[in-house]
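Chemist: mind folding the following:
(chains A and B)
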Amino acid sequence: MNIGLILMKNKKINAGITVFPGSNCDMDVYYALNDVFNLNVSFLWHKDEFHNFKNYDFIVIPGGFSYGDYLRAGALAARSRIMESIKEYADGGGIVLGICNGFQILLESGLLKGAMLTNKSLKFECKDIYIKNISGNNRNNSHENPFTCLMEKDAILKLPIAHHDGNYFVEKKKLNYLFSSGYIAFQYCNEEGVISDDSNPNGSMENIGGLFGENFNVMGLMPHPERASEKILGSGDGAKIFNSIIYYIKNK
Amino acid sequence: MLTTDNSKSNKSDKVDNNRRNNCTNIIAYGNLPQNKEYVQFGLSFEEYKKINDILQREPDDFELGIFSAMWSEHCSYKSTKMHLKNLPSKGDAVIIGPGENAGVIKFDGDYVLVFKMESHNHPSFIEPFEGAATGVGGIMRDIFTMGARPIANLNSLRFGNFNHPRTPYYLSEVVKGIGFYGNCMGVPTVGGEVVFDSCYDNNILVNAFTIGIAKKDAIFLSSACEAGNLVVYVGSATGMDGINGATMASGEFDASKDKKRSTVQVGDPFTEKLLLEACLEAMDKKLIVSIQDMGAAGLTSSSFEMSENSGKGMILNMDKIPLRATGMTPLDIMLSESQERMLIACEKEKYGELEGIFKKWDLNCVIIGEVTKEKEIQFIYKSKPYHTLPVEAVVNGPSYDRPSAIPLYIKDMKQFLPDEYRMPKNFNSVAERIISHPNISSKHFVYRQYDYQIGTNTIIGPGSSCAVLRYKEFNVSINSTNSAALNSVALTDGLAELTNNSPQPQKDKQEQHHSPQTQKDEQEQQDKIDKIKNNKRGIILNSNCNSKYCHLNPYKGAILAVIECARNISACGGTPVAITDCLNFASPEDPEIMWQFKEVIRGITDAALKFNTPAVSGNVSLYNETAGAGKIYPTPVIAMVGYIDDVNKAVTSDYKDEGDNIYLLGRLRGNLGGSLFMELVHNDFMQEPLSIDINYELKLQSCLRALIDEKLIKSATDISEGGLFTAVTEPALSSNENLGVVVEVHRDTLRNDMILFSEFEQAFVVSSSHSNGNKIYEFAKNADIEIEKIGTVVKDVIKFNNIIELKSDKMKERYYNAVEKLFDKQ
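Modeler: Just a heads-up that it's a prediction; the model follows:
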């Protein structure tokens, strides 16, 4: 199949990107989805009235500093009007990917369990890290969720992080539940896939870097796949996540 | 000494009349008290007399405040403007040179680049976090004021000696402040410098650079106001922060430094991010006639400069200014340097739409006045006329040709004579000290606190010679829900992934017959892919200055600052295009400092002319000294922009593969004068530094660029601080593998210490696979440049001339942990 045809087919996929005041990875996600993957992409402005998002195949909540990270990272955005519609969309099975600040917003809005604390270093951390796909290690089959369905089990992805509050925390009891129910998507690891304190860039509990929501249609991800979807940027591994979403939508 | 600046010739009649009346007024000045408030306002007696002259009476506090801010060194460049005119600012690439908020150069097709560097030294020394943060915020505003979206930041930082007890505090706070602002704005901080030296113990330097991209026909200026335009205030409300900041920054520090805290502004990057998006959206919709950011001297400088640049005046209603503090006087309001504010001139009929955009982004947008054809600013306060001040007289402050004199230490400067210094016995320990010196070692502690990848344009980030950025076609603003499809370039990396690795959905087969519609779409797609092939041009950025060399010889030091930038750009494979400068000096009232300044201007001029890199923008920071605690070395930081035709060809400085050959391209002269080696080992670096043959340098750099363009070499680095030893070792330590080197370099006339540690040699260290060796020699020979194979990339060990033998992993640890160790001492 030639590239032109794939691109055309991708154009039939509608992706939405939320824009809050202070979102700043919105244009990067737009570029990746629109220009690299050739999807039909639109911005979803936080103040606009949305009754539902049923025309959208998936929605990305991009990174940034929504509402300046005031109060707590993601706390104000989680209580904005558009998040009501996003919750409805997710409850109805809609695919939602929250990246970085988007992950924080998903936690604050209750779509994902747990919270983000300040990095263990107490500093903003920007660097390339590795995460391991651990979905599918459990009852949840890796090929049945939209985010990792094209990935090998235990696949290692090189992705950049850039955050100040990415230290994932959840009560012990819930943590066990999240693991036993297959809700942990990715754990930070080293280049060889070893999951240890040395490969934990922010102090997250159990090196958790990616997390599914209850029905596996929502995922929060701390690293930035949109910054690693072209090899010229140092890694093309982020494309594995977007390609999974695209494949899942085309085949559902 | 007092002269008036005649560069802007259209003096109004009123002012001229004032001048004609000088004689009569001077008699009256004889009675002026010498200890009046003007001293507190930072004005000299002569300047105060001149204000009397213009007003034909004594000014009141309001007038004095306005004049003193606009005539401060910071706003008026009164000690330097007659010298700055000498800098070359013209060239084929230049679209807008000095005088606007930032310089503009041609880039690619319809695109232009807008950039500038600016100091925020004084505020950062008083309050390092807020000072550094608002420095970054201020320079970004300068860029988007012109209609450009900022795409990258650099920061040149100077701190005191790393053993000084306050250095770790300044370092961590400044870096945190820069990250706080830049990260939130979503503009990547892709490079810069961090230098430690005792001369900055009591005056740190924070120089911030921003570059933005815009369409050629969509540049906005402060000079387009028309009479009848509305004067609109947008952004944050005005508070009590930063009042008199410009005046503060135009004096030296004394014991009362801590009392100056309220002169430092407080930044809110979140508001600035909104302001950026709102301004670009309003510009995109052509709702703005003229725009100026409220930087130094806040509303005063923006209103007066916009009026002056447009040849107009304004009515300003002080009652309309949004305030966030109570009890502010009109002067407080005019001099507040609260951040994240802009002054806009807009056509009356477009105001409604303009307001809509700023309201959408939850920002203040208030009509505060009107542009008038009379060249004066009429202030209204409590609904009554308050003051009227002439625009030209306020803006065109004094200009001084200050006296200069060769400093004594320069007269006493000696040549470096090797016989006067013994060779060190243990080269291993010297090598270890150099690699772990904080001026040499890795700065990852700093740059990992900056988001250097956002924007997805960073091809080479911090940690190499230069930052290399690609650019993308783009829509400047985000327009709510129905953003026009950018849809310009399709990259195929991500898709290749899909075609190669994914299971092919069955139904695809049925759809492969070509309808006319699909053929049309495919053609469009092919056009897009073709387009990206022509869209490979990259932007290369770096900044540099070795202030020690500028101290030893300001002329040579300034040449070196320009050439070092060019070397770094050439070492990535790029061609230097233009520069911006940030000239940091001590008090211009000291003739020796003035001499340094003039020598530096001469040096930058000579180098920039030869390299055809005009200075399109710049900034001067004077009075970087503290009473009784010394002056900084002259620190003319140069930031240079270069282009590379194909970003895929850009080369980094680290070695790639074991077994590769290492070459020395260029020549060694072995002058240790002024080097880090002399400072560390002999505690004496006061010797004349190496002279630079600019013609040879041009030839050398073009040879290196040709080698990179032909893809013959895998890494390149110049020989800067730490000498040849550092230039061959650093690329091993910064490689991913545990690489090392075995290097042999011998010269009959040079001792080992001179070969290893002499700095800023006119040479590069490059690595290449063995098979390219002959071609490389051929290229060098044709370019008439010396080349020599000096070693091989190996594993695990650093060996040099049989006098240095060290383990790579141990050295790597020293190289990567040196800066963090500063904090362990605390």
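
Chemist: helix, strand, or coil at B:Val112?
Modeler: Under the three-state scheme (DSSP: H, G, I helix; E, B strand; the rest coil), the conformation of B:Val112 reads as strand.

Chemist: contacts only, for it.
Modeler: For B:Val112, the contacting residues are B:95, B:104-106, B:148, B:213-216, B:219, taking C-beta atoms under 8 Å, 6 or more residues apart in numbering or on different chains as the criterion. Just so you know, the C-beta spots here come from the backbone N, C-alpha and C atoms, and that holds for glycine as well.

Chemist: and those as a markdown table, adding neighbour count and secondary structure?
Modeler: Putting the contacts of B:Val112 into a markdown table (neighbours: other C-beta atoms under 10 Å in any protein chain shown; DSSP: H, G, I helix; E, B strand; the rest coil) gives the following:
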| residue | neighbour count | secondary structure |
| --- | --- | --- |
| B:Ile95 | 15 | strand |
| B:Val104 | 28 | strand |
| B:Ile105 | 23 | strand |
| B:Lys106 | 18 | strand |
| B:Ala148 | 29 | coil |
| B:Ile213 | 24 | strand |
| B:Ala214 | 24 | strand |
| B:Lys215 | 15 | strand |
| B:Lys216 | 13 | helix |
| B:Ile219 | 18 | coil |
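
Chemist: which among these gets closest to B:Glu127?
Modeler: Distances from these to B:Glu127 were compared by C-beta to C-beta; the smallest belongs to B:Ala148, at 29.0 Å.

Chemist: burial of the residue lying closest to that closest one once chain neighbours are set aside, as a residue count?
Modeler: Excluding the flanking residues, the one nearest B:Ala148 by C-beta to C-beta, 6 or more residues apart in numbering or on different chains is B:Gly212, at 3.0 Å. Using other C-beta atoms under 10 Å in any protein chain shown, B:Gly212 has 27 other residues around it.

Chemist: bridged to B:Gly212, which residues?
Modeler: Following DSSP bridges, B:Gly212 is listed with bridge partners B:Val114, B:Pro150.

Chemist: is it in contact with B:Asp142, as I believe?
Modeler: No: with contacts counted by C-beta atoms under 8 Å, B:Gly212 stays clear of B:Asp142, the gap being 9.2 Å.

Chemist: related to what we said a few turns ago, distance of the residue nearest to B:Ala148 from B:Met342?
Modeler: Shown here: B:Gly212 relative to B:Met342, a distance of 15 Å by C-beta to C-beta, to the nearest Å.

Chemist: repeat that for B:Lys556.
Modeler: 42 Å.

Chemist: on that earlier part again, list the contacts of the residue nearest to B:Ala148.
Modeler: Shown here is B:Gly212, whose contacts under the criterion C-beta under 8 Å, 6+ apart are B:102, B:113-115, B:143-144, B:146, B:148-151.

Chemist: not counting its neighbours along the chain, what's nearest the closest residue to chain A within the stretch 701-826 of chain B?
Modeler: When scored by C-beta to the nearest C-beta, the stretch 701-826 of chain B has B:Asn736 as its residue closest to chain A, at 9.4 Å. In space, not counting the residues next to it along the chain, B:Asn736 is nearest to B:Asp654; the distance is 7.8 Å by C-beta to C-beta, 6+ apart.

Chemist: next one: B:Gly228
Modeler: B:Val371 (6.5 Å).

Chemist: show me what the one you found is bridged to.
Modeler: Partner residues in beta bridges with B:Val371, using DSSP bridges, are B:Met314.

Chemist: would you map the helices across the stretch 151-252 of chain A?
Modeler: Shown for the stretch 151-252 of chain A, the helices assigned by DSSP state H, counting those that start in this stretch span residues A:172-180, A:238-251.

Chemist: before we move on, what about the stretch 1-150 of chain A?
Modeler: For the stretch 1-150 of chain A, helices defined by DSSP H, counting those that start in this stretch occupy the ranges A:3-10, A:26-30, A:75-78, A:81-91, A:101-108.

Chemist: ditto for the stretch 351-500 of chain B
Modeler: Assigned helices in the stretch 351-500 of chain B, in chain order: B:351-360, B:391-395, B:408-411, B:427-435, B:444-447, B:493-501 (criterion: DSSP H, counting those that start in this stretch).

Chemist: any idea which of these gets closest to A:Ala162?
Modeler: Relative to A:Ala162, the nearest member of the helices of the stretch 351-500 of chain B by C-beta to C-beta is helix B:444-447, separated by 11.7 Å.

Chemist: show me what the closest one is packed up against.
Modeler: For helix B:444-447, the helices and strands in contact under the criterion 3 or more C-beta pairs under 8 Å, 6 or more residues apart in numbering or on different chains; DSSP states H and E are strand B:189-196, helix B:808-824.

Chemist: and those as TSV, adding distance to chain A?
Modeler: Output for the helices and strands packed on helix B:444-447, formatted as TSV (distance: least, C-beta to the nearest C-beta, whole Å):
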stretch	distance to chain A
strand B:189-196	9
helix B:808-824	11
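
Chemist: in the chain, where is pLDDT below threshold?
Modeler: Since you didn't name a chain, this refers to chain A. Scanning chain A with the threshold set as pLDDT under 70 gives A:1-8, A:51, A:137-143.

Chemist: chain B was what I was after
Modeler: Low-confidence segments of chain B, defined by pLDDT under 70: B:1-36, B:244-250, B:253-263, B:474-535, B:825-826.

Chemist: would you map out the domains in it?
Modeler: Described in terms of automatic domain parsing, the domain architecture of chain B consists of the residue ranges B:2-71, B:651-826.

Chemist: just to revisit the earlier point, tell me how many other residues surround the residue nearest to B:Asn736.
Modeler: Other residues within reach of B:Asp654, judged by other C-beta under 10 Å, total 20.

Chemist: same check on B:Lys285?
Modeler: Residues near B:Lys285, counting by other C-beta under 10 Å, number 15.

Chemist: and for B:Arg324?
Modeler: Once other C-beta under 10 Å is used to define contacts, B:Arg324 is seen to have 13 neighbours.

Chemist: how far away is it from B:Glu340?
Modeler: Summarising the geometry, the distance separating B:Arg324 from B:Glu340, computed by C-beta to C-beta, is 12 Å.

Chemist: and for B:Phe107?
Modeler: To B:Glu340, B:Phe107 is 28 Å away according to C-beta to C-beta.

Chemist: neighbour count winner among the two?
Modeler: When neighbours are counted by other C-beta under 10 Å, B:Glu340 comes out ahead of the other of B:Phe107 and B:Glu340, with 27 against 21.

Chemist: relative to A:Ala228, how far out is the more buried one?
Modeler: In terms of C-beta to C-beta, B:Glu340 sits 32 Å off from A:Ala228.

Chemist: show me where chain A has its strands.
Modeler: Secondary structure of chain A (DSSP state E): strands at A:14-19, A:40-45, A:58-61, A:95-99, A:115-117, A:125-133, A:156-163, A:167-169, A:184-189, A:208-212, A:218-221.

Chemist: sorry, wrong one. I was asking about the stretch 101-250 of chain B.
Modeler: Shown for the stretch 101-250 of chain B, the strands assigned by DSSP state E, counting those that start in this stretch span residues B:103-108, B:111-119, B:149-159, B:189-196, B:205-215, B:230-235.

Chemist: got those strands as a markdown table, with distance to A:Asn133 columns?
Modeler: Formatted as a markdown table, the entries for these read as follows, by distance: least, C-beta to C-beta, whole Å:
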| stretch | distance to A:Asn133 |
| --- | --- |
| strand B:103-108 | 39 |
| strand B:111-119 | 39 |
| strand B:149-159 | 33 |
| strand B:189-196 | 30 |
| strand B:205-215 | 37 |
| strand B:230-235 | 45 |
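
Chemist: wait, what's in contact with B:Asp61?
Modeler: Taking C-beta under 8 Å, 6+ apart as the contact definition, B:Asp61 lies against B:37, B:331.

Chemist: separation between it and B:Leu335?
Modeler: Noted for B:Asp61: a distance of 11 Å to B:Leu335, by C-beta to C-beta.

Chemist: could you do B:Asn542 as well?
Modeler: 36 Å.

Chemist: looking at these two, which one has more neighbours?
Modeler: Neighbour comparison, B:Asn542 and B:Leu335: the larger count goes to B:Asn542, with 30 against 25 (by other C-beta under 10 Å).
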